[in-house]
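Novice: sequence and predicted structure below; questions after.
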Amino acid sequence: MSAWLTILLLVVSNIFMTFAWYGHVKLQEAHIISNNTPLYVVILFSWLLALAEYSFQVPANRYGFIGNGGSFSLMELKIIQEVITLIVFTVFTVVFFKGEQLHWNHFAAFVCLVLAVYFCFMK
């Protein structure tokens, strides 16, 4: 499996994960679900999204792992996944939660993550 396909699967996985973790907050803000919606309903909804997430995450890790013929070590897969998670989360937050703003310290954290990727792939 190509490295780019692994990364694409991780991106799709993280989109589902972000909606599973934070989508219910936006649905509540948009009055699609109410404050009175039982927590177990919200959890079940999130689990359904998490099932979709795992349907992309597991193949990405399985086929992307160098031990299975992929391009990445486990550490590299994890670092890539974390960076993708923060990018997807940032886009989600800025697009869906208009009150949230990015500040200098968020950009500084992103720079640190890019450095983490650099150091992870450094031989």
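Specialist: On my side now, so go ahead.

Novice: am I right that residue 117 is in contact with residue 79?
Specialist: Yes: if you go by C-beta atoms under 8 Å, residue 117 and residue 79 touch, sitting 5.6 Å apart. Placement of C-beta: from N, CA and C, glycine included.

Novice: these two - which one has more neighbours?
Specialist: A direct count of neighbours by other C-beta atoms under 10 Å for residue 117 and residue 79 places residue 79 higher, at 19 against 14.

Novice: quickly find the element holding the nearest residue to residue 60 once chain neighbours are set aside.
Specialist: Leaving aside its chain neighbours, residue 60 sits nearest to residue 9 (3.5 Å; criterion: C-beta to C-beta, 6 or more residues apart in numbering). With elements taken from DSSP states H and E, the one containing residue 9 is helix 3-29.

Novice: mind checking the SS state of the residue of the chain most remote from its centre?
Specialist: In terms of distance from the mean C-alpha position of the chain, residue 36 ranks first, at 28.0 Å (C-alpha atoms, centre = their mean). Secondary structure assignment for residue 36 (DSSP: H, G, I helix; E, B strand; the rest coil): coil.
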